[in-house]
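Enquirer: Dropping the sequence and predicted coords here.
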Amino acid sequence: MSQFVELTMYQISQLFLLPTLALIAALFLYAFWVLGEFIVLSLRRRSGKGRQLVTQFRAQPTLSDDDLDVLAHKMLENPRIVSRVMPMLGLVATMIPMGPALKSLSDGNLADVSHNLTIAFSAVILALIAASITYWVVNVRRRWLTEEILEIQLLREVAA
């Protein structure tokens, strides 16, 4: 019975390798998309544009501080999730091929060991790079949005 449970758990875990690798690849590309958006926004901010919350406030001056806070969180939500989830996905993508790698090692099949370890380490490297990019972008954009909220408060004080 114990062997059946262990074998079933092993087989189920192996089913998650391809979806995890596909998700890592997609989110890796997404991280570079976020970086591109960040660079464009940075260039726009240098020219005095690209202040998303200020633009929203000018379009809807009745927005409350809570509404602006929700908008700011919404703007950062996806990259923030990616920055938190990618290290976990990298760990999952590292651990799944380790089982077959260890089995291949005990069987003396070094080619399979090498193949599985290549998958494991490549996946974790891509995941950590994507997490690093999105983490950095989220933190800088969080500061920008906070600065915009302060600017909006000043605009309200001047108007009052």
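Expert: That came through fine.

Enquirer: ok now do the most centrally placed residue in the chain, which residues does it touch?
Expert: When C-alpha atoms, centre = their mean is applied to the chain, the residue found nearest the centroid is Val82 (1.7 Å). When contacts are counted by C-beta atoms under 8 Å, 6 or more residues apart in numbering, Val82 touches Leu27, Tyr30, Ala31, Val34, Ala130, Ala131, Thr134. For the C-beta atoms, the positions are set from N, CA and C on the backbone; glycine is no exception.

Enquirer: And these, which of them are buried?
Expert: Leu27, Tyr30, Ala31, Val34, Ala130, Ala131, Thr134 (16 or more other C-beta atoms under 10 Å).

Enquirer: pretty sure the third one contacts Ala130?
Expert: Yes: using C-beta atoms under 8 Å as the test, Ala31 is close enough to Ala130 to be in contact (3.8 Å).

Enquirer: what is in contact with the two at once?
Expert: Val82, Met86.

Enquirer: quick one on the thing from earlier: figure out the helix or strand that the residue nearest to the centre of the chain lives in.
Expert: helix 65-107 (DSSP states H and E).

Enquirer: Run the angle between the longest helix seen in the chain and helix 65-107 for me.
Expert: When the chain is scanned for its longest helix (criterion: DSSP state H), the result is helix 110-159. Calculated by axes from the mean of the first three to the mean of the last three C-alpha atoms, to 10 degrees, helix 110-159 forms an angle of 170 degrees with helix 65-107.

Enquirer: which outside residues touch stretch 128-135?
Expert: Taking C-beta under 8 Å, 6+ apart as the rule, stretch 128-135 contacts 24, 27-28, 30-32, 34-35, 79-80, 82-84, 86-87, 90.

Enquirer: Any idea how far that stretch is from the middle of the chain?
Expert: 6 Å (C-alpha atoms, centre = their mean, to the nearest Å).

Enquirer: now the residue nearest to Arg84 when sequence neighbours are not counted: how far from Arg143?
Expert: Of all residues beyond its chain neighbours, the one nearest Arg84 is Ala131 (7.8 Å), with distances taken as C-beta to C-beta, 6 or more residues apart in numbering. Separation of Ala131 from Arg143 (C-beta to C-beta, to the nearest Å): 19 Å.
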